[in-house]
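here's a sequence, model it:
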Amino acid sequence: MEKENKLSLEAAEDQFELLTDYYDIDLDDEDDSDVRRANKSIKKKLVKAIQRGLIEIKEEEDTLNVYQYLIKPMDGIKSPIKYKEPSGLSKIAMKESGKEDHYGKMYNLLGGLSGEGKKPFLKMRGRDLSTAESLALLFLDI
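Numbers count the residues shown, from 1 in each chain. Sure, this is the predicted structure:
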């Protein structure tokens with residue numbers, strides 16, 4: 001696995017800020033210390049993934065798309081995975097998950113955003129899965 005950074009920390013933080021500004025997400029705007037800790041963890045993971053070239057944020061056709069490049073591509077999982085702008089349809093994809101099935105909700109949301117359904121995310125492992133889950137948590141805040 002390549003650990004060389006493709007972007008500086010500052011450039012990666014700028015890309016992350018582009019994403020959070022576009023969707024008006026304020027990760028520092030939480031009173032609960034557990035939520036604030038979780039938000040810091042999500043930001044740290046995603047900035048590191050952007051820095052290493054595993055996540056790319058592109059402005060395309062008047063919208064912002066997020067690309068996740070996989071470390072361990074597997075059968076049935078195309079790399080990069082393109083996550084489109086969240087919509088009601090992508091969020092309603094979570095309805096098939098039970099109320100307490102948080103991972104199911106995340107995978108259904110990612111499946112809706114990517115147009116791939118949840119199956120590829122059930123096969124994902126390691127850092128690829130961790131990165132996808134961090135993106136899901138960020139998208140759930142939209």
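
and for residue 58, the neighbour number?
Neighbourhood size, residue 58 [other CB atoms under 10 Å]: 13. No exception for glycine: its C-beta is placed from N, CA and C like everyone else's.

now the residue nearest to residue 126 when sequence neighbours are not counted: how far from residue 124?
By the measure of CB to CB, 6 or more residues apart in numbering, the closest residue to residue 126 outside its immediate chain neighbours is residue 72, 6.4 Å from it. Summarising the geometry, the distance separating residue 72 from residue 124, computed by CB to CB, to the nearest Å, is 8 Å.

show me which of the two is the more surrounded one.
Under the neighbour definition other CB under 10 Å, residue 72 and residue 124 were set side by side, and residue 124 has more, 22 against 13.

my read: that one touches residue 131, true?
No - Residue 124 sits out of contact with residue 131 when judged by CB atoms under 8 Å, with a separation of 9.1 Å.

sorry, back to before: mind listing what the residue nearest to residue 126 touches?
Taking CB atoms under 8 Å, 6 or more residues apart in numbering as the definition of contact, the neighbours of residue 72 are 125-126, 128.

turn those residues into TSV, including neighbour count and secondary structure.
Below are the contacts of residue 72 laid out as TSV (neighbours: other CB atoms under 10 Å; DSSP: H, G, I helix; E, B strand; the rest coil):
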residue	neighbour count	secondary structure
125	11	coil
126	11	helix
128	23	helix
